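A.B. asks: Structure, please.
(one chain, ligands or ions: 1)
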Amino acid sequence: MTAPTSRPRIGLGIDLHRLAPGRACVLGGVAFESPVGPLGHSDGDAVLHAACDAVLGAAGLDDLGTLYSDKDPQNAGRDSQDFCRDVLRRIAERGLAVWSLDVVVETELPKLKPRRAEMRERIAGLFGLAPDRVNVKGKTGEQVDAVGRGEAVRATVVALLGDA
Ligand code: MG
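C.D. replies: Residues are numbered from 1 along each chain as shown. Model prediction:
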């Protein structure tokens, strides 16, 4: 038996954003029609932020908040897909690739189910994956805590990385 040449790495990313009326609602790079959207210095896309943090964590790199500061005016209103492209570039420089992403999004609004497949495809495209290497699960907060009261959206992502 030959020695394995791939060294898998696992990373976890969690992000929460408050939801506010009248804010554009972009989650997983997909724009939703919604009465509320995530507040944030960038576009507030908690799903992509959690995905980036999971990938950065697996690669042993800095976290999203350190690399793309919310104090930097350059990041004001920024499309979080830019962060994903930059994260992908950073891991590629280290000879790493994303192998899979498992995504859980907890929110009362918007309803994710009708556009889950679209989110999956978008996230897969951003991280250089086939769609079947990404799973997106939508959950509600069961009327408990900030998510359950509709005050926030929370995303949790586990990333598996390995040699490119
Ligand atoms: Mg965030």
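
A.B. asks: what's in contact with the helix or strand of the chain with the lowest mean pLDDT?
C.D. replies: The helix or strand of the chain with the poorest confidence is helix 64-67; it has a mean of 92 (mean pLDDT, DSSP states H and E). Under the criterion Cβ atoms under 8 Å, 6 or more residues apart in numbering, residues Gly13, His49, Cys52, Asp53, Leu56, Leu61, Phe83, Asp86, Val87 lie in contact with helix 64-67. (Each C-beta comes from the backbone N, C-alpha and C, glycine too.)

A.B. asks: now for whichever strand or helix holds the first one, which elements pack on it?
C.D. replies: With elements taken from DSSP states H and E, the one containing Gly13 is strand 9-21. Applying 3 or more Cβ pairs under 8 Å, 6 or more residues apart in numbering; DSSP states H and E, one finds that strand 9-21 makes contact with strand 36-38, helix 46-59, helix 145-148, strand 152-163.

A.B. asks: and the second one with the ion, contact?
C.D. replies: Yes - where contact is defined by Cβ under 5 Å from the ion, part of helix 46-59 touches the ion, namely His49.
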